[in-house]
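> this one's structure only:
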């Protein structure tokens, strides 16, 4: 099942799952005094969790996936969106003053559960949240493992050539941090190989119609290469909205504004 965390213990369980999934040498060094993955934005965010109730045991044992959701009102209280540390979100939002942006972040799924079924459950929860909070545009960082963009040249180039953000939603990296993603010409790409090299969550974004910024940013703390994902709700294919809406059944109080 998918729903929002409803109390501090559930939020901490989600943070501990994130710590397990994001456990890299860089994170172990930077988080030596606090083994739980958390930051100031957690206080302002809603935390979506996927539970495998058949796993039994404690809640920590049942949580297999999580997403952090930062609404426009919560971002205002926090002072900014998390991704604005890497991408020029203020400029993007200034061009769309009437849009309500939702930031998706800290997405992770336990390795044994990484597949279409869990990704679909997460999207069911996200879509219900969007409906409840009148969201019309989703943004967030999509991450590739490691800090060498060239190691993901084919996958990043596929995004640049086949799913680029159009001019209306173009959003460069923060000055001095951007790395162009079009590292290979379109004619040199092998679609199957490029898709196989992408993390499941990135492929999930592609399936629902997301587009991506033209620059990547290296996140040394997390040991990742990040690209900005932009998904206006009106661009989600109708078949996916029909697929997500009937099955999205988080407890109503958990999704209330």
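Received the coordinates, thanks. Quantities reported herein were computed from a predicted structural model and do not represent experimental measurements. Numbers count the residues shown, from 1 in each chain.
> thought residue 213 was touching residue 171?
Yes - the criterion here is CB atoms under 8 Å, and residue 213 meets it with residue 171 at 5.2 Å. Glycine gets a C-beta too; all of them are placed from N, C-alpha and C.
> where along the stretch 51-200 of the chain do the helices fall?
In the stretch 51-200 of the chain, the segments counted as helices under DSSP state H, counting those that start in this stretch are 59-62, 72-78, 89-94, 116-133, 153-162, 191-196, 200-208.
> and the first one, what's buried?
Buried positions in helix 59-62, judged by neighbour count with 16 or more other CB atoms under 10 Å: residue 62.
> for the remainder of this discussion, apply numbering that starts at 48.
All set: I'll call the first residue 48, so the last point we hit is now helix 106-109.
> for it, packing partners?
Contacts defined by 3 or more CB pairs under 8 Å, 6 or more residues apart in numbering; DSSP states H and E place helix 106-109 against helix 55-68.
> may I see the buried residues of the helix it packs on?
57-66, 68.
> biggest separation within the residues you listed, which pair?
The span of the buried residues of helix 55-68, defined through CB to CB, is set by 57 and 68 at 16.8 Å.
> that older thread, mean pLDDT lowest where, among the helices of the stretch 98-247 of the chain?
Mean pLDDT is lowest for helix 106-109 out of these, coming in at a mean of 79.
> now for residue 260 and residue 218: what residues contact both?
Common neighbours of residue 260 and residue 218, counting by CB atoms under 8 Å, 6 or more residues apart in numbering, are 134, 212, 275, 277.
> for the nearest residue to the second one once chain neighbours are set aside, the count of nearby residues, please.
I take that to be residue 212. Leaving out its chain neighbours, the residue that sits closest to residue 212 by CB to CB, 6 or more residues apart in numbering is residue 258, at 4.3 Å. With neighbours defined by other CB atoms under 10 Å, the count for residue 258 comes to 21.
> list phi and psi for residue 258.
Note on residue 258: its backbone torsions stand at phi -120, psi 170 [degrees, to the nearest 10].
> from residue 180, how far out is it?
Distance, residue 258 to residue 180, by CB to CB, to the nearest Å: 22 Å.
> same thing with residue 199?
Between residue 199 and residue 180 the computed distance is 33 Å (CB to CB).
> the two: who's more crowded?
Between residue 199 and residue 180, counted using other CB under 10 Å, the more crowded position is residue 199 (24 against 18).
> before we move on, the earlier item: pick the most buried one from the helices of the stretch 98-247 of the chain.
The highest mean neighbour count among those, using mean count of other CB atoms under 10 Å, belongs to helix 200-209: a mean of 22.
> what angle sits between that helix and helix 247-255?
Angle of helix 200-209 versus helix 247-255, following axes from the mean of the first three to the mean of the last three CA atoms, to 10 degrees, is 20 degrees.
> against which helices or strands is helix 200-209 packed?
The helices and strands touching helix 200-209, judged by 3+ CB pairs under 8 Å, 6+ apart, are helix 238-243, helix 247-255, strand 258-266, strand 271-279.
> of these, give the one that comes closest to residue 104.
Closest approach to residue 104 among the helices and strands packed on helix 200-209 (CB to CB): helix 247-255, 25.1 Å.
> nice, that's everything, thank you.
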